[in-house]
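>>> My questions are about this predicted structure, shown below with the sequence.
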Amino acid sequence: MDHQRASRTNGRKVISRRTILGTAGAIAATITIVPRHVLGGAGRTPPSEKLNIAGIGVGGQGGSDINSVNSENIVALCDVDDAHSARTMKRYPKAKKYRDFRRMLDEEKNIDAVVIGTPDHTHAVISMWAIKMGKHVYCEKPLTRTVYEARALGQATRQAGVATQMGNQGMAFEGNRLINEWIWDGVIGPVREVHAWSDRPTHGDQLLWAQGIDRPKDTPKVPDTLDWDLWLGPAPQRPYHPAYHPFRWRGWWDFGSGGLGDMGIHNLAPVFSALKLDAPKSLCASSTLFNDETLPLASTVHYEFAARGDMPPVTLHWYDGGIIPARPPELDEGRELSREDGLIFVGDKGKMYVEGWGGHSPRLIPEAKMKAYKRPPKTLPRSIGHHAEWIKACKEGTPTRSSFDRFAGPLTEAVLLGTVCVRMGGGKLLWDSANLRVTNSDEANEYLHYDYREGWTL
């Protein structure tokens, strides 16, 4: 069943381009926001008071996120899997416990903000539900499962005026800021090419989740501790299987977006920030074999971005699944590129190598150039912590580095557009961001979103 390009998924209805809403204005017209002042209360929480925070999806990364905001009041916790979330539930005995986030948000009127750590396919519906109720939202990366969802959440955030932050924690790294300041200082000249990579779905010699495989044929019993229907949420109906939950969902088209959606959000964030990127004008891709169920084990995506102000056009190359770019000749003898995560910025006057995820550790290469470089003043505000930024924004209205409307939404759109290109077989796609459409492929437009299961809406 493996082939180079996935066709429509097993006859499942994929939403048509005409249904997707052709312009950003049309998207905005579909969103109904309830302003915070209509809900009661005095608006933002004073800095001296604690927020009332609810966690939705608290068994994995979501549990870690809740622990990172527990300086505030953790008043409610929601998870569809009692066993997977047990540790976090036990840690906060005073928090009300729920399985259905809709019931929780309806009953717990005192909630100011929510932290979302569910699988990707439910990020958008939960975030939108909370935003429409005037709640501040922290949501794990990638922000959404589809391009359309990312655009819709950005529009909703602007209308609601709530504080948002996507969980790409590298945006708080010191290295992330140094990349910006050094490139803007002109140390490597105008940047025209970037290489970015991650070894996901592997990590070292460990396979974290499967890709390039078919749907399991056996149908084991749903564990008593799991509400499978709620776990599926808006995704198409399919029988439960441990091949999907917990955590293994990342490689399935219906639930995740593979290595690009996972680590691309982290590793491309400093590129988008430093080079002031928004939407690509075109892209193409290549990959190993895959099918209608799962993403390929490895892929490359090549984005073309237009000039921005005084910055020239740039080509961005993404690699995952163990593929890395060619070793730059400027790299000192005995030093090799990281096999896990990294970046190379190619400028007219030199190169910058960033080792690690999220822009962690930038260096000019060769090392002699790094030693000779007189670093510019630190012009960007330093982070108080990725989660702390969001808490401060909830209380004071200050900006966050990865808000849904200004940064996380556009970044997620571009990343997920790459997965659409891979799914289409890698041929060149021309992107009209203003109208949210691929101009040279109606079939590609069908993968910008999909019809939710009955009972679920954005």
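That came through fine.
>>> lowest confidence element among the helices and strands of the chain?
Taking mean pLDDT, DSSP states H and E as the measure, the helix or strand of the chain with the lowest value is helix 24-29, at a mean of 50.
>>> List the contacts of the next helix or strand after it.
Next along the chain after helix 24-29, taking DSSP states H and E as the criterion, comes strand 52-56. By C-beta atoms under 8 Å, 6 or more residues apart in numbering, the residues outside strand 52-56 that reach it are 62-63, 65-66, 69, 72-79, 88, 95, 101, 104-105, 108, 110-118, 126. Quick note: C-beta positions are derived from backbone N, CA and C, even for glycine.
>>> Secondary structure element holding the residue nearest the centre of the chain?
Centroid check for the chain by C-alpha atoms, centre = their mean gives P142 as the closest residue, at 1.6 Å. In the assignment (DSSP H and E), P142 maps to no helix and no strand.
>>> Could you list which residues are in contact with it?
By C-beta under 8 Å, 6+ apart, P142 lies in contact with 120, 123, 166, 257, 261-262, 264-265, 412, 415-416.
>>> Now list the buried members of the contacts of strand 52-56.
For those, a neighbour count by 16 or more other C-beta atoms under 10 Å gives the buried set as 62-63, 65-66, 69, 72-79, 88, 95, 101, 104-105, 108, 111-118, 126.
>>> can you count the residues close to A130?
Counted with other C-beta atoms under 10 Å, residues neighbouring A130 total 25.
>>> mind listing what it touches?
Per C-beta under 8 Å, 6+ apart, neighbours of A130: 105, 114, 116, 137.
>>> if you set the cut-off to 6 Å instead, what comes out?
Neighbour list for A130: 114, 137 [criterion: C-beta atoms under 6 Å, 6 or more residues apart in numbering].
>>> from the contacts of P142, which two are the most distant?
Distances among the contacts of P142 were taken as C-beta to C-beta; the most separated pair is H123 and G264, at 15.4 Å.
>>> Over to the nearest residue to A54 once chain neighbours are set aside. Which of the three states is it?
Leaving out its chain neighbours, the residue that sits closest to A54 by C-beta to C-beta, 6 or more residues apart in numbering is A76, at 4.1 Å. Put simply, A76 is strand when judged by DSSP: H, G, I helix; E, B strand; the rest coil.
>>> before we move on, what about W456?
State at W456, reduced to three classes by three-state DSSP: coil.
>>> From K50, how far out is it?
33 Å (C-beta to C-beta, to the nearest Å).
>>> With adjacent residues omitted, what lies nearest to G426?
Spatially, and ignoring its direct neighbours in sequence, G426 is nearest to A285 (3.9 Å; C-beta to C-beta, 6+ apart).
>>> quick one: contacts for that neighbour?
By C-beta under 6 Å, 6+ apart, the neighbours of A285 are 301, 421-422, 426.
>>> Quick check: of these, which lies closest to D214?
The closest of the contacts of A285 to D214 turns out to be V422 (C-beta to C-beta; 17.8 Å).
>>> what about that closest one, which SS state?
V422 is classified as helix under three-state DSSP.
>>> That one touches T288, doesn't it?
No: judged on C-beta atoms under 6 Å, V422 makes no contact with T288 at a distance of 10.1 Å.
>>> Would you map the helices across the stretch 301-450 of the chain?
With helices called from DSSP state H, counting those that start in this stretch, the stretch 301-450 of the chain shows them at 367-372, 386-396, 409-423, 442-445.
>>> packing partners for the third one?
Contact here means 3 or more C-beta pairs under 6 Å, 6 or more residues apart in numbering; DSSP states H and E; on that basis helix 409-423 packs against helix 147-160, strand 282-287.
>>> Could you rerun that using 7 Å?
helix 147-160, helix 265-274, strand 282-287, strand 299-305 (3 or more C-beta pairs under 7 Å, 6 or more residues apart in numbering; DSSP states H and E).
>>> Excluding sequence neighbours, find me the nearest residue to E140.
G167 (4.0 Å).
>>> Now that that neighbour has come up, it's in contact with L143, right?
No: counting by C-beta atoms under 7 Å, G167 does not reach L143; the two are 8.9 Å apart.
>>> Between these two, which has more neighbouring residues?
Shown here are G167 and L143; by other C-beta under 10 Å, L143 has more neighbours (33 against 27).
>>> Next up, the contacts around Q165.
Residues counted as contacts of Q165 (C-beta atoms under 7 Å, 6 or more residues apart in numbering) are 138, 389-390, 400, 402-403.
>>> before we move on, back to that, now the contacts of P142 as a markdown table including pLDDT and distance to M370?
Shown next, in a markdown table, are these (pLDDT from 0 to 100; distance: C-beta to C-beta, whole Å):
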| residue | pLDDT | distance to M370 |
| --- | --- | --- |
| D120 | 98 | 37 |
| H123 | 98 | 39 |
| M166 | 98 | 31 |
| S257 | 98 | 35 |
| G261 | 97 | 32 |
| D262 | 97 | 30 |
| G264 | 98 | 27 |
| I265 | 98 | 28 |
| T412 | 98 | 33 |
| V415 | 98 | 30 |
| L416 | 98 | 35 |
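>>> Kindly tell me how buried Q159 is, as a neighbour count.
Neighbour count of Q159, defined by other C-beta under 10 Å: 16.
>>> What separation is there between it and E333?
Distance, Q159 to E333, by C-beta to C-beta: 55 Å.
>>> Please apply the same query to R103.
In terms of C-beta to C-beta, R103 sits 62 Å off from E333.
>>> Tell me which of the two has more neighbours.
In terms of neighbours (other C-beta under 10 Å), R103 is the more surrounded of R103 and E333; the figures are 11 against 5.
>>> sec struct for that one, please.
Applying three-state DSSP: R103 is helix.
>>> confidence score at it?
Note on R103: pLDDT of 98.
>>> what's the spacing between it and M133?
The spacing between R103 and M133, counted by C-beta to C-beta, is 13 Å.
>>> Show me where the stretch 101-250 of the chain has its helices.
Assigned by DSSP H, counting those that start in this stretch, the stretch 101-250 of the chain shows helices spanning 101-107, 123-132, 147-160, 174-185, 228-232.
>>> So for P366, which of the ones you listed sits nearest?
Once the helices of the stretch 101-250 of the chain are compared by C-beta to C-beta, helix 174-185 is nearest, at 15.5 Å.
>>> returning to that earlier point: with neighbour count added, can I get the contacts of P142 in JSON lines?
Formatted as JSON lines, the contacts of P142 follow (neighbours: other C-beta atoms under 10 Å):
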{"residue": "D120", "neighbour count": "27"}
{"residue": "H123", "neighbour count": "29"}
{"residue": "M166", "neighbour count": "33"}
{"residue": "S257", "neighbour count": "28"}
{"residue": "G261", "neighbour count": "24"}
{"residue": "D262", "neighbour count": "23"}
{"residue": "G264", "neighbour count": "29"}
{"residue": "I265", "neighbour count": "27"}
{"residue": "T412", "neighbour count": "33"}
{"residue": "V415", "neighbour count": "28"}
{"residue": "L416", "neighbour count": "27"}
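>>> and which of these is nearest E340?
D262 (12.6 Å).
>>> In this structure that closest one contacts R250, no?
Yes: contact criterion C-beta under 7 Å: D262 and R250 qualify, at 5.9 Å.
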